[in-house]
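Participant: Please find the sequence and the predicted model below.
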Amino acid sequence: MDEDDFFSSRPQDPLTQVTKQDLGPLSINELQERIELLKGEIARVEQHMSDATRHRSAADELFKKS
């Protein structure tokens, strides 16, 4: 068990666990699959950020004081 895990006040999220995983045992194909999955997740997060920004801008415009 890692010392940080022992003293952590909250359980680790899956992303943290993924970044600590040993890549040594993975094949080239498995690594390529992992990259594609991570790229998909990055695209999903970027889309969510874009949607949230648009939503915030629309709300700000709606409630803007004249």
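Facilitator: Arrived safely. Residues are numbered from 1 along each chain as shown.

Participant: okay, CA-based contacts and neighbour counts for the rest of this
Facilitator: OK.

Participant: so how many other residues sit close to residue 31?
Facilitator: 14 (other C-alpha atoms under 10 Å).

Participant: brain fart, residue 40
Facilitator: Applying other C-alpha under 10 Å, we find 12 residues neighbouring residue 40.

Participant: Check the gap between it and residue 25 for me.
Facilitator: For residue 40, the distance to residue 25 (C-alpha to C-alpha, to the nearest Å) stands at 23 Å.

Participant: Same question for residue 13.
Facilitator: Distance of residue 13 to residue 25, computed by C-alpha to C-alpha: 22 Å.

Participant: and residue 55, how far is that from residue 41?
Facilitator: 21 Å.

Participant: Ok, residue 63 next?
Facilitator: From residue 63 across to residue 41, the span is 33 Å (C-alpha to C-alpha).

Participant: just residue 35 next, same as before
Facilitator: Distance of residue 35 to residue 41, computed by C-alpha to C-alpha: 10 Å.

Participant: same for the helix or strand where residue 58 lies, what does it pack against?
Facilitator: For residue 58, the host element (DSSP states H and E) is helix 28-62. Applying 3 or more C-alpha pairs under 8 Å, 6 or more residues apart in numbering; DSSP states H and E, we find helix 28-62 packed against no helix or strand.

Participant: That helix: how far from the chain's middle?
Facilitator: Helix 28-62 sits 8 Å away from the centroid of its parent chain (C-alpha atoms, centre = their mean, to the nearest Å).

Participant: what about it, average pLDDT?
Facilitator: Averaged across helix 28-62, pLDDT comes to 94.

Participant: please renumber so the chain begins at 16
Facilitator: All set: I'll call the first residue 16, so the last point we hit is now helix 43-77.

Participant: I appreciate the help and will end here.
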